[in-house]
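J.: what follows is a predicted protein model with its sequence.
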Number of protein chains: 2
Amino acid sequence: MTSLGIVAPQSMFFSTPLPLQSGAKLCDYTLVYETYGTLNADHSNAVLVCHALNASHHVAGHYSEDASTKGWWDNMVGPGKALDTNKYFVIGVNNLGSCFGSTGPMHVNPATGKPYGAHFPVVTVEDWVQSQARLADALGIQQFAAVMGGSLGGMQALAWSILFPERLRHCVVIASTPKLTAQNIAFDDVARQAILTDPDYHGGDFYEHGVVPKNGLRVARMLGHITYLSDDDMAVKFGRDLRSGAYQFGFGIDFEIESYLRYQGDKFSEYFDANTYLLITKALDYFDPAKDFGGDLTKTLSNTRAEFLLVSFSTDWRFAPERSHEMVQALVNNKRTVTYAEIDAPHGHDAFLLDDQRYMNVVRAYFARAYKEIDGGSLKAGASA
Amino acid sequence: MTSLGIVAPQSMFFSTPLPLQSGAKLCDYTLVYETYGTLNADHSNAVLVCHALNASHHVAGHYSEDASTKGWWDNMVGPGKALDTNKYFVIGVNNLGSCFGSTGPMHVNPATGKPYGAHFPVVTVEDWVQSQARLADALGIQQFAAVMGGSLGGMQALAWSILFPERLRHCVVIASTPKLTAQNIAFDDVARQAILTDPDYHGGDFYEHGVVPKNGLRVARMLGHITYLSDDDMAVKFGRDLRSGAYQFGFGIDFEIESYLRYQGDKFSEYFDANTYLLITKALDYFDPAKDFGGDLTKTLSNTRAEFLLVSFSTDWRFAPERSHEMVQALVNNKRTVTYAEIDAPHGHDAFLLDDQRYMNVVRAYFARAYKEIDGGSLKAGASA
């Protein structure tokens, strides 16, 4: 296994308006993306990797020799890695509304000549998938070998299998859920309220005030972090360890866990956009493909054609294994081919980003098997462009 | 079972300085308290009820015929109730640093002539117990029949059993823990950061600015509420129910759970003091009586003399049953008499405040049995004043 080395983002402008689930439309937009590996002659080896809350199109490789510019799933994607770029052509794309290059709230709204701010339309997982499908069209990819993602990225993969059943042969859904619970939504709403009530938010137009609602973003991120880690993992890593060995009897830092969370919150508030945070948590909350099928997930997935790999992690209390079980059951009800792995890992939701060999081996084996279809030429001629 | 009817708070001023765990001292202070029932001739039927985060001395009864002024444990305490005021003399006392009458951050610091604000000293569970012991002295109560509390109140009961082993015959610890986990502390710190970074907090001196850090308090309370309810209970009560039947595609209220939490947050921010919130969460975080015994809870409890009742609730993920198990095990290791009930209840941490008949019957039976010591005259003469 080697690294991809230095990679570079590309961008594509779309001048055809994109109708959104809300009824609004984006009159034009840009998607920023990266690709790794080589698209084969019949364009049958493409894998789309969808990102979660605070990630981006920068999935793997480096922007320079500086290791801090490493992609968020560099342990998963690269030459000889689980998703092997010697075999697959991998695409990472930044979602609309994000703050890493694709059109988002900090960009100029052509209708007003000012940054969108809070007027950027609320986008959904399905809207992202529609925009990604146009990128696939432009890249000449009629059918993906796989669409893959973890957490919110897994929701996009699942939505692909529902919206474009013929356009993916495999759907890889990791540490995800077919819909948020009331508790999930509750955490998201507390985070949003922290941002929305920060006086520096200025109703979303903070760009023109030259400020950033850092306090709100910081609290939102601290809270999010608690839900990404398991109780046990936090106990092992931090426990009740004191930073200076004794209680301070004030409101500064006593415990290591406080130091860690505040550091994470501070760092996040330096680079992440508040409007993007609001948009992405709304996309999470709204995702519920079974809503249009009377809540029946089996019916919802009845038109899917892909084969599925689902992975969950035992201590993930954000999107617990039970959420994956629901999806597996609904797929089995539809006689879909499903591989499911439940990894006994202590790291909570964050486990989907970490280097667990059992997890990586499951994904590696799955993609190795899927590659036989491509390499062995068992694909129907009509299935690839 | 009848209600206590109309009750009234009393207050007592203490002019002897109270040394605190932090090394600071309160030069004088007032405790507000209520009593229900009648102290018997040998002063052996007194029960101290300690309160949790946002409660007070107003445990039971009403301040008027208005039901909204009902005490926080009115379902537990009253004539014929589990803690029967026909038999017991029950005392509720407001903790130092609170905002319901006892000396707290909004009161004038005699040293400066201005409200304490953030200069109110950080108080601990043990400090509260010391102040309560002085109130007991003043009321002529040498030994309590029981000290009792839920959550943070249970920590006070446990601290009583350690600090004043001869001054209570029974210790009733409900939905509590011998110390907070890293995750518990993390939630507390996010709540504190929301308050501390609210510009209206003004470093704790918001009183003199004529404002209140409502946004911070609101977020803190919303977050707290999530941890008081169980995931399942939230799913049953709110699920993904939409307030207006359809997605709003904005940042207003979509889901009923959002409406509920924001309402709770708004209400709380109208009446609760921000400095008190900071102080009380610190008292929670700092509580760790085993800290002085190398983390050994068995050693910590080796000098206790009381009999114990512990109760936990199956879906309480704030202070899970496992936390009670630790206390039970340590008491059993010390050959203490322990009654333990684990109530299979769906309501999470909040269950300790709710009317579950199995729970109430456990407490009722325990206090009925304890009353035989008093009524049957089995107490040693020296044990009561």
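T.: Alright, I've got the coordinates.

J.: thought residue A:77 was touching residue A:49?
T.: Yes: taking contacts as CB atoms under 8 Å, residue A:77 lies within contact range of residue A:49: 6.8 Å. The C-beta positions use only the backbone N, C-alpha and C, and glycine is treated the same way.

J.: what do these two both touch?
T.: Taking CB atoms under 8 Å, 6 or more residues apart in numbering or on different chains as the contact rule, residue A:77 and residue A:49 both touch A:59, A:83, A:90.

J.: need the contact list for the first one.
T.: When you say that, I think you mean residue A:59. A:34, A:36, A:49, A:51, A:71-74, A:77, A:90, A:92.

J.: nearest residue to residue A:367 other than its sequence neighbours?
T.: Spatial nearest neighbour of residue A:367, chain neighbours left out: residue A:83 (5.6 Å); criterion: CB to CB, 6 or more residues apart in numbering or on different chains.

J.: then residue A:285?
T.: residue A:185 is the one closest to residue A:285 (CB to CB, 6+ apart), at 5.1 Å.

J.: what residues does the nearest residue in space to residue A:304 that is not next to it in sequence make contact with?
T.: Among residues not flanking residue A:304 along the chain, residue A:161 sits closest, at 4.4 Å (CB to CB, 6+ apart). Counting by CB under 8 Å, 6+ apart, residue A:161 makes contact with A:147, A:168, A:171, A:301, A:304-306, A:308.

J.: what do you get for residue A:285?
T.: Residue A:285 neighbours (CB under 8 Å, 6+ apart): A:180, A:184-185, A:188-189, B:254-255.

J.: and of those, the nearest to residue B:323?
T.: residue A:184 (24.5 Å; CB to CB).

J.: mark out where each domain of chain A begins and ends.
T.: Following the TED database, one finds the domains of chain A at A:10-179+A:298-377, A:184-282.

J.: can you add mean pLDDT and give those back as a markdown table?
T.: Formatted as a markdown table, the domains of chain A follow (pLDDT from 0 to 100):
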| stretch | mean pLDDT |
| --- | --- |
| domain A:10-179+A:298-377 | 97 |
| domain A:184-282 | 97 |
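
J.: switch these over to a markdown table; also include distance to residue B:18.
T.: As requested, those are arranged in a markdown table below (distance: least, CB to CB, whole Å):
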| stretch | distance to residue B:18 |
| --- | --- |
| domain A:10-179+A:298-377 | 41 |
| domain A:184-282 | 15 |
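
J.: of all those, which lies closest to residue B:201?
T.: Nearest of those (CB to CB): domain A:184-282, 10.3 Å.

J.: ends of that closest one, how far apart?
T.: When the termini of domain A:184-282 are compared using CA to CA, to the nearest Å, they are 11 Å apart.

J.: cool, and stretch A:330-339?
T.: 13 Å.

J.: can you list contacts of that stretch?
T.: A:178, A:297-298, A:300-302, A:304, A:306-310, A:328, A:362, A:366.

J.: selection in PyMOL covering whichever of these are buried, please.
T.: The PyMOL command for the buried members of the contacts of stretch A:330-339 (criterion: 16 or more other CB atoms under 10 Å in any protein chain shown) is given here:
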select buried, chain A and resi 178+297+300+301+302+304+306+307+308+309+310+328+362+366
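
J.: for residue A:91, helix, strand, or coil?
T.: strand (DSSP: H, G, I helix; E, B strand; the rest coil).

J.: so what's it up against?
T.: A:33-35, A:46-49, A:135, A:139, A:141.

J.: picking that back up, just the contacts of stretch A:330-339 now: which is nearest chain B?
T.: residue A:178 (11.2 Å; CB to the nearest CB).

J.: so is that closest one in a helix, a strand, or just coil?
T.: At residue A:178 the chain is in coil, as set by three-state DSSP.

J.: surely it touches residue A:293?
T.: No: look at residue A:178 against residue A:293 with CB under 8 Å: they stay out of range, at 11.1 Å.

J.: against residue A:371, how distant is residue A:197?
T.: According to CB to CB, to the nearest Å, residue A:197 and residue A:371 sit 50 Å apart.

J.: more neighbours, the two?
T.: Higher neighbour count among residue A:197 and residue A:371: residue A:197, with 19 against 15, using other CB atoms under 10 Å in any protein chain shown.

J.: how about that one, nearest residue that isn't a chain neighbour?
T.: Spatial nearest neighbour of residue A:197, excluding adjacent residues (CB to CB, 6+ apart): residue B:215 at 3.9 Å.

J.: what's the neighbour count on the one you found?
T.: When neighbours are counted by other CB under 10 Å, residue B:215 registers 25.
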